[in-house]
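> after the sequence you'll find the predicted model.
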Amino acid sequence: MRNRYLDLLRFLAIVRVVVYHVTGLASLTLVFPAMSVMFALAGSLMAASLDRSGPTAVLRRLRRLLPSLWVLAAVFVPAMLLTGLPLTPRVLLWLFPVADPPANGWGALALSPIWYLRDYLWFVFASPIALWLFRRAPLPTLLTPYVLLVVIESGIWPDAPGPFREFGLYFGAWMLGFAHHAGMLRRLANRVLVPAVLLLAAVGGAWILTHPGPRGFDLNDNHLGNALWSLAFILVVLGRGPSGAAWVDRNALFGRVVTVLNRRALTIYLWHMPFVVGLTPLFDGVGWSHEDPRGLAIRVVLVFALVGVVTLAVGWVEDLAARRRPELLPGGRRAATRTGPPSSSTGNRVPAQRGAPESATAEVTAG
């Protein structure tokens, strides 16, 4: 059965991503570093899939990830071509974004979260080799991305391409997911984990405080601080989190919402930013400012409502990609069929007929 604690973490990450993009509150990145948490969950799920299916898990991940992107591209790429985007072979990157696909002025902002899918694809490609190395030398393999990030951020390699910096920041979190799947994080003794968490949080916090970015203490502007702070956070929420969260389903409505956001996380992730960008002039025009709590609340509610509509319209594509029966609102049969305790914390395993976990979705959110 699914591990509802991991589903809950993913749910919180999805909500945090949307709220952050609507409000711009930098403190949200510190309270819940959603990006790194989602990469860690994705790494755990990828390791489970590789154990179950071998290298074919890579193709299964691509099958789950790309159709929802193609739906988005079918709407926005023609709109960008009609508003000034040159028609070049690079447009094909919208079918398979191994590099940043081209966008015009408004599209670059509205579709900016696409970088996460680019990184995700490369992490999936790297996973078979990385998991093989990790199981033979866990600590050196895990530390390699962080060492790379230190080299870049310390000025030793100041001109490193952006993807190298993001690899240093996020692939370590992905491999923490490997450690989670293997049960290593839970087996860490408190005498090791607690000092490590405190040290990482202290050093990361100090770096953040002494190196503020253009948006203040926003983790997205501070790669090294982000990596250290997020590493400490992941060690706590995955290393000392509960093995399950059955209480999530004690309230039928809340349990259904958690299920829906998990099964539709990729759709929500891809579509929320166009609404944020498109509605901002309207919000500003009617006085719903970022400085007004009421205005912020209205912004958040309206964006979630519009994302809900588009999710109803096209979210079922995620079911087809996962080879499930399409549903407008997933999880309707879950309460009737769910029996037994939640799954072990060593992986977010799913029944065999459902294939890989839901977030390319379960695996894909960012902010």
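Yes, it's here.
> for stretch 202-210, buried residues please.
Neighbour counts over stretch 202-210 (16 or more other CB atoms under 10 Å) mark 204-205, 207-208 as buried. Heads up, the C-betas are built off the backbone N, CA and C, glycines and all.
> quick one: distance of that stretch to the chain centre.
24 Å (CA atoms, centre = their mean, to the nearest Å).
> could you do stretch 295-315 as well?
19 Å.
> can I get that stretch in CSV, CA atoms only?
C-alpha atoms of stretch 295-315 as CSV (Å, rounded to 0.1, in the frame of the first residue of the first chain):
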residue,chain,number,x,y,z
GLY,A,295,-5.5,40.6,-1.2
LEU,A,296,-2.9,37.8,-0.9
ALA,A,297,-5.6,35.4,0.3
ILE,A,298,-7.8,36.2,-2.6
ARG,A,299,-4.9,35.7,-5.0
VAL,A,300,-4.2,32.3,-3.6
VAL,A,301,-7.8,31.1,-3.6
LEU,A,302,-8.4,32.3,-7.2
VAL,A,303,-5.2,30.6,-8.5
PHE,A,304,-6.0,27.4,-6.8
ALA,A,305,-9.6,27.5,-8.2
LEU,A,306,-8.3,28.1,-11.7
VAL,A,307,-5.8,25.3,-11.4
GLY,A,308,-8.5,23.1,-10.2
VAL,A,309,-10.6,23.8,-13.3
VAL,A,310,-7.7,23.0,-15.7
THR,A,311,-6.8,19.9,-13.6
LEU,A,312,-10.3,18.6,-14.1
ALA,A,313,-10.0,19.3,-17.8
VAL,A,314,-6.6,17.7,-18.5
GLY,A,315,-5.4,16.0,-15.3
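> buried ones in stretch 267-281?
Neighbour-count burial for stretch 267-281, counted by 16+ other CB under 10 Å, picks out 267-277, 279.
> residue most distant from the centroid, this protein?
V286 (32.4 Å; CA atoms, centre = their mean).
> from V309, how far off is that residue?
The gap separating V286 from V309 is 20 Å, by CB to CB, to the nearest Å.
> go on, T83?
23 Å.
> same question, A322
22 Å.
> same question, G244
With CB to CB as the criterion, G244 and V309 are 33 Å apart.
> quick one: the helices in the stretch 201-350 of the chain?
223-239, 252-263, 265-285, 293-314, 316-321, 334-337 (DSSP state H, counting those that start in this stretch).
> next: the stretch 51-200 of the chain.
56-82, 105-110, 114-136, 138-153, 162-181, 184-187, 190-210.
> what about G244 and V309, which has more around it?
Legend: neighbour count by other CB atoms under 10 Å for G244 and V309, higher for G244 (20 against 11).
> from memory that one sits against Y5, does it?
Yes: the pair G244 / Y5 is scored as a contact, 5.4 Å apart, by CB atoms under 8 Å.
> just to revisit the earlier point, out of the helices of the stretch 51-200 of the chain, which comes closest to V300?
helix 105-110 (17.8 Å; CB to CB).
> for the closest one, buried residues please.
Those would be 106-107, 110, for helix 105-110 by 16+ other CB under 10 Å.
> in a markdown table, list the helices of the stretch 51-200 of the chain along with distance to F11 and mean pLDDT.
Below are the helices of the stretch 51-200 of the chain laid out as a markdown table (distance: least, CB to CB, whole Å; pLDDT from 0 to 100):
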| stretch | distance to F11 | mean pLDDT |
| --- | --- | --- |
| helix 56-82 | 18 | 96 |
| helix 105-110 | 24 | 93 |
| helix 114-136 | 18 | 96 |
| helix 138-153 | 27 | 95 |
| helix 162-181 | 17 | 93 |
| helix 184-187 | 21 | 95 |
| helix 190-210 | 23 | 96 |
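> would you turn the ones you listed into CSV with distance to A313?
As requested, these are exported to CSV (distance: least, CB to CB, whole Å):
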stretch, distance to A313
helix 56-82, 9
helix 105-110, 18
helix 114-136, 20
helix 138-153, 38
helix 162-181, 31
helix 184-187, 39
helix 190-210, 40
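> let me know which of the ones you listed is tucked in deepest.
Mean neighbour count (mean count of other CB atoms under 10 Å) peaks for helix 162-181 among the helices of the stretch 51-200 of the chain, with a mean of 24.
> how about that one as PDB, C-alpha atoms only?
Only the C-alpha atoms of helix 162-181 are listed here, as PDB (Å, rounded to 0.1, in the frame of the first residue of the first chain):
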ATOM      1  CA  GLY A 162      23.800  26.500 -14.500                       C
ATOM      2  CA  PRO A 163      22.900  22.800 -14.800                       C
ATOM      3  CA  PHE A 164      26.100  21.900 -12.900                       C
ATOM      4  CA  ARG A 165      25.100  24.200 -10.100                       C
ATOM      5  CA  GLU A 166      21.600  22.600 -10.000                       C
ATOM      6  CA  PHE A 167      23.200  19.100 -10.100                       C
ATOM      7  CA  GLY A 168      25.300  20.100  -7.100                       C
ATOM      8  CA  LEU A 169      22.200  21.400  -5.300                       C
ATOM      9  CA  TYR A 170      19.600  18.800  -6.100                       C
ATOM     10  CA  PHE A 171      21.200  15.500  -7.000                       C
ATOM     11  CA  GLY A 172      22.400  15.100  -3.500                       C
ATOM     12  CA  ALA A 173      18.800  15.400  -2.300                       C
ATOM     13  CA  TRP A 174      17.900  12.800  -5.000                       C
ATOM     14  CA  MET A 175      20.400  10.400  -3.600                       C
ATOM     15  CA  LEU A 176      19.200  11.100  -0.100                       C
ATOM     16  CA  GLY A 177      16.100   9.500  -1.500                       C
ATOM     17  CA  PHE A 178      18.200   6.400  -2.400                       C
ATOM     18  CA  ALA A 179      19.300   6.300   1.200                       C
ATOM     19  CA  HIS A 180      15.700   6.600   2.400                       C
ATOM     20  CA  HIS A 181      14.600   3.700   0.100                       C
END
